[in-house]
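Chemist: task: produce atomic coordinates for the following.
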Amino acid sequence: MGELDAIDPALHDAYRLCRDLNAQHGKTYFLATRLLPSDKRAGVHALYGFARMVDDIVDVDVNSADVELEAPAAAPIGTTVSQSDRDAAAKLDVLEQRVRNALGGAVLGSSRSDRVLQALADTTARYSIPHEYYFAFLHSMRMDIPGTPMFKSRYRTMAELDEYMYGSAAVIGLEMLPILGTSTNIADAVRPAAALGEAFQLTNFIRDMGEDLDRDRIYLPTDELEAFGVDEELLRACRQSGRTDARVDRALAHLIAHTRAVYRDAEPGIDMLAPSVQPGMRTALLLYGGILREVEDGGYRVLIERARVPQWRRISVAAPRLAATGWNVVRERARLRRPSLERA
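Modeler: Purely as a prediction, here's the structure:
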């Protein structure tokens with residue numbers, strides 16, 4: 001079965017757009033998606049397309065995002081918030097209403113954002129994904145925008161960070177569960193799925209520490225950093241000088257150990273998924289976990305350069321699981337056909 005065989009042909013263009021966004025912007029994520037059975041991929045691409053559209057508003061270029069405002073967002077008297085941040089907040093408000101309309105069955109147009117929302121609404125309906133997950137995601141994205149009531153650029157503790165990570169990461173895992181399918185009661189798989197999203201997000205925070213600092217954001221909890229003698233002044237000094245510091249190295253080693261503990265919480269959930277998707281999801285876990293190893297092997301230089309998993313390593317991890325995916329698909333199809341054959 002092809003990726004789009006079970007989908008209304010009128011929506012094929014919308015799903016292809018989401019797939020292209022995934023291929024262009026989510027290299028590791030896209031590789032893991034390719035290891036899923038073909039009939040699972042379109043829904044995953046739709047979720048990625050929506051997340052990418054929001055990310056364009058918040059983090060990339062608010063003017064490039066295909067969400068129009070009737071006029072630039074007005075500045076409250078005395079505000080120091082930039083026009084781009086005001087526009088980003090206003091565009092998220094517009095987008096949230098458009099999401100609500102799309103999920104409610106509204107007829108959408110042909111713009112890029114409308115096509116992404118078409119794919120999202122169709123995926124949501126086909127897999128009965130709770131709508132609240134999308135609004136939790138938008139809440140966390142507002143936490144990234146200066147001037148919104150929920151804006152935070154620093155998190156003191158892991159507990160404070162949990163609120164942000166629920167909407168930015170945990171719900172991504174929860175949205176995926178109905179698409180991937182489970183071999184056990186879906187309620188049992190909820191906590192591991194959320195943990196996997198959180199582990200991926202913590203990995204991003206470690207990998208992107210320098211780039212986030214350039215945007216005046218420190219996601220890694222300041223209490224955890226300060227326990228090793230690391231403050232914001234030291235972080236900026238390392239970033240500007242291009243030099244590492246033993247105190248930062250020790251803090252990162254601690255945070256990597258914490259992140260690996262979250263991966264361990266998530267790993268049992270892989271075996272709770274449908275057999276045909278397990279190789280792909282295990283690959284995603286290994287590839288993302290591999291970023292932490294690259295940080296270590298690179299001497300904890302995340303304030304100087306971004307850690308990347310080399311292409312040869314991605315291929316070496318993915319290739320055997322690609323074969324396993326094919327075998328599991330064949331086995332699952334045989335299992336599904338068996339009852340009808342026995343009745344014949």
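
Chemist: for residue 215, what are its contacts?
Modeler: residue 59 (CB atoms under 8 Å, 6 or more residues apart in numbering). Heads up, the C-betas are built off the backbone N, CA and C, glycines and all.

Chemist: could you pull out the helices in the stretch 101-250 of the chain for me?
Modeler: Listed in chain order, the helices of the stretch 101-250 of the chain (DSSP state H, counting those that start in this stretch) span 112-127, 132-142, 158-165, 171-180, 186-207, 209-214, 222-226, 232-241, 246-266.

Chemist: how far off centre is the longest one?
Modeler: Same thing as helix 186-207. Distance of helix 186-207 from the chain centroid (CA atoms, centre = their mean, to the nearest Å) equals 10 Å.

Chemist: can you name every helix or strand that that helix contacts?
Modeler: Helices and strands touching helix 186-207, by 3 or more CB pairs under 8 Å, 6 or more residues apart in numbering; DSSP states H and E, are helix 158-165, helix 171-180, helix 246-266, helix 278-297.

Chemist: CA atoms only for the longest one - export them in CSV, please.
Modeler: Once non-C-alpha atoms are left out, helix 246-266 reads as follows in CSV (Å, rounded to 0.1, in the frame of the first residue of the first chain):
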residue,chain,number,x,y,z
ALA,A,246,35.1,22.4,32.6
ARG,A,247,32.1,23.6,34.6
VAL,A,248,29.9,23.7,31.5
ASP,A,249,31.2,20.3,30.5
ARG,A,250,30.2,18.8,33.9
ALA,A,251,26.8,20.5,33.8
LEU,A,252,26.2,19.1,30.3
ALA,A,253,27.3,15.6,31.3
HIS,A,254,24.8,15.7,34.2
LEU,A,255,22.0,16.9,31.9
ILE,A,256,22.9,14.2,29.3
ALA,A,257,22.6,11.6,32.0
HIS,A,258,19.2,13.0,33.0
THR,A,259,18.1,12.9,29.4
ARG,A,260,19.2,9.3,29.0
ALA,A,261,17.1,8.4,32.0
VAL,A,262,14.1,9.9,30.2
TYR,A,263,14.9,7.8,27.2
ARG,A,264,15.0,4.7,29.5
ASP,A,265,11.5,5.6,30.7
ALA,A,266,10.3,5.9,27.1
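
Chemist: and that helix, what does it pack onto?
Modeler: So helix 246-266, by 3+ CB pairs under 8 Å, 6+ apart, packs with helix 186-207, helix 222-226, helix 232-241, helix 278-297.

Chemist: now the shortest one: buried residues?
Modeler: The neighbour-count check on helix 222-226 (16 or more other CB atoms under 10 Å) flags 222, 224-225 as buried.

Chemist: same check, this time on the longest one
Modeler: Of all the residues in helix 186-207, those buried under the rule 16+ other CB under 10 Å are 189-207.

Chemist: out of the helices of the stretch 101-250 of the chain, which is closest to residue 277?
Modeler: helix 171-180 (4.5 Å; CB to CB).

Chemist: how far off helix 278-297 does the closest one point, in degrees?
Modeler: Counting by axes from the mean of the first three to the mean of the last three CA atoms, to 10 degrees, helix 171-180 lies at 150 degrees to helix 278-297.

Chemist: and helix 171-180 with helix 132-142, angle?
Modeler: 150 degrees.

Chemist: hmm, back to that, for the buried residues of helix 222-226, which one is nearest residue 158?
Modeler: The shortest approach to residue 158 among the buried residues of helix 222-226 belongs to residue 224, at 7.0 Å (CB to CB).

Chemist: correct me, but the closest one touches residue 252?
Modeler: No. Counting by CB atoms under 8 Å, residue 224 sits too far from residue 252 to count as a contact (10.1 Å).

Chemist: what about residue 128, how many residues nearby?
Modeler: 7 (other CB atoms under 10 Å).

Chemist: touching, it and residue 178? I think so.
Modeler: Yes. Look at residue 128 against residue 178 with CB under 8 Å: they come within range, at 6.0 Å.

Chemist: shaky segments in this protein?
Modeler: Residue ranges of the chain with pLDDT under 70: 1, 28, 60-79, 309-344.

Chemist: hmm, try it at 50
Modeler: For the chain, applying pLDDT under 50 flags the ranges 71, 77, 312, 325-344.

Chemist: how far off centre is stretch 288-302?
Modeler: Centroid displacement of stretch 288-302 relative to its chain, using CA atoms, centre = their mean, is 19 Å.

Chemist: in that stretch, what's buried?
Modeler: Neighbour-count burial for stretch 288-302 [16+ other CB under 10 Å]: 288-292, 294-295, 300-302.

Chemist: now, which of the residues you listed sits nearest residue 2?
Modeler: Using CB to CB, residue 288 is the member of those that sits closest to residue 2, with 27.3 Å.

Chemist: residue 178 is in contact with residue 190, correct?
Modeler: No. Residue 190 is beyond contact range of residue 178, at 11.1 Å (criterion: CB under 8 Å).
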